[in-house]
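*Asks:* any chance you could fold what I've pasted below:
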Amino acid sequence: MESILTWIFALVMASLALAVPVFLQRRADAKIRALLDDNSRILDRERELASRYLAEQRAHETARAQLVAIEEDRARLFAELDHRHRRIADALTRIAVAVEHRESELERYAEAGAESILSRFPNLPDHPDRGLGGTLGALMTVQSYVNAALLRQLRHAEQTVNADELEVNVIPFPSPGSERRAPSESDAPSSPTITPPTSTPVSA
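*Replies:* Numbers count the residues shown, from 1 in each chain. Got it, this is the predicted structure:
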């Protein structure tokens, strides 16, 4: 009986000796497979994060390049704007200088014209202001004298000049197909003397 029990115990121990390593091996294989799966998931996650990081880096570099280009364009536009402002300022300065020069020339010419007119027409009132106001007043006075002289010449022409004299003295070119006759001494109209009127117009 003891021998049978011994054999049974030996068989059980042998079975256990054979089964336990197999069980442990399978358990270890399962753990290894789980670890490998976890490792593969971790590697996939790392690759995903790496690709995302690279994409973000490329996007960041692209954005940085765009920002640099925008800053360069902005600096260029500011430089062009400043250059245009300087050109406009220089042009305005030149225009102001030219206008001032023209005004001074006009003032000088006006004063010279007023002096010349006053020297040629001694009967004009003596304008103490030799500026633009006095010049305009003198010119208005001379214009009134000239208008009066022209009216007298027109009246004289209406009374004395006939059609032939008008054609010779007024029309400088002959009509097509007609010969212009040479003027004679009798054709010369009498030139009335320009005398200033007694009344003096309002001066500036």
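*Asks:* other SSEs contacting the helix ranked longest in the chain?
*Replies:* Longest helix of the chain, by residue count under DSSP state H: helix 2-120. For helix 2-120, the packing partners by 3 or more Cβ pairs under 8 Å, 6 or more residues apart in numbering; DSSP states H and E come out as helix 132-160. Using the backbone N, CA and C atoms, a C-beta is placed for each residue, glycine as well.
*Asks:* give me the pLDDT for residue 88.
*Replies:* Listed pLDDT for residue 88 reads 92.
*Asks:* give me the neighbour count for it.
*Replies:* 10 (other Cβ atoms under 10 Å).
*Asks:* roughly how far does it sit from residue 94?
*Replies:* 11 Å (Cβ to Cβ, to the nearest Å).
*Asks:* kindly report the same for residue 18.
*Replies:* In this view, residue 18 and residue 94 are 112 Å apart by Cβ to Cβ.
*Asks:* what of residue 83?
*Replies:* 16 Å.
*Asks:* and for residue 115, the neighbour number?
*Replies:* Residue 115 is flanked by 14 other residues according to other Cβ under 10 Å.
*Asks:* give me the pLDDT value at it.
*Replies:* As predicted, residue 115 sits at a pLDDT of 71.
*Asks:* likewise residue 161?
*Replies:* 56.
*Asks:* do the one 3 residues further on as well
*Replies:* pLDDT, residue 164: 56.
*Asks:* go on, the one 5 residues further on?
*Replies:* The score at residue 169 is 45. That number is its pLDDT.
*Asks:* low-confidence ranges in the chain?
*Replies:* 1-2, 110, 113-114, 116-118, 120-139, 141-142, 157-204 (pLDDT under 70).
*Asks:* hmm, try it at 50
*Replies:* In the prediction, the chain carries residues with pLDDT under 50 at positions 127, 129-132, 166-204.
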